[in-house]
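[1] Make a model of this:
(one chain, ligands or ions: 1)
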Amino acid sequence: MPLRVTVDRKACLACGAAPSVCPDVFVLDGKNRVVDKYSVSLTDAVSVGEVPDELGECVKKAAEICPVSAIKVAPI
Ligand code: SF4
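    Numbers count the residues shown, from 1 in each chain. Below is the predicted model:
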């Protein structure tokens with residue numbers, strides 16, 4: 001089942017942890033965002049992406065490690 005990943009870019013501290021643990025999905029671009037390959041919408045405030053099932057562990061790890069809980073992951 002694919003996953004919807006939402007990054008609250010206003011909350012993001014740009015600590016770099018998300019891109020570090022899950023570089024296939026996240027990149028620092030001022031603040032964290034979903035990479036172009038999986039991005040469905042991007043603003044200064046929010047980045048939304050849709051990622052395949054096999055990247056679920058990766059995005060969940062990033063969500064868990066984020067110090068401000070800026071990453072949400074939900075099944076589509
Ligand atoms: S772990 Fe959280 S605060 Fe750090 S770059 Fe990722 S989204 Fe931003």
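[2] And the residue of this structure that's closest to the ligand?
    Residue of the chain nearest the ligand, by C-beta to the nearest ligand atom: A18 (2.8 Å). C-beta: built from backbone N, CA, C; applies to glycine.
[3] Ramachandran coordinates for V34?
    Dihedral pair for V34: phi -80, psi 140, per degrees, to the nearest 10.
[4] Bridged to the residue lying closest to it once chain neighbours are set aside, which residues?
    Distance criterion C-beta to C-beta, 6 or more residues apart in numbering; nearest residue to V34, sequence neighbours excluded, is G49 at 3.1 Å. Here G49 sits in beta bridges with V5, S39, as judged by DSSP bridges.
[5] residue contacts, G49?
    4-5, 25, 34-35, 38-40 (C-beta atoms under 8 Å, 6 or more residues apart in numbering).
[6] repeat that for 6 Å
    Residues in contact with G49, defined by C-beta atoms under 6 Å, 6 or more residues apart in numbering, are 5, 34, 38-40.
[7] If any of those are buried, put those into a ChimeraX selection.
    Of these, the buried ones can be selected in ChimeraX as follows, counting by 16 or more other C-beta atoms under 10 Å:
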select :5,34,38,39
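[8] who in this protein is up against the ligand?
    Selection of the chain residues close to the ligand by C-beta under 6 Å from any ligand atom yields 7, 12-18, 32, 65-68, 70-71.
[9] top of those by neighbour count?
    Neighbour counts for these, by other C-beta atoms under 10 Å, peak at A18, which reaches 29 neighbours.
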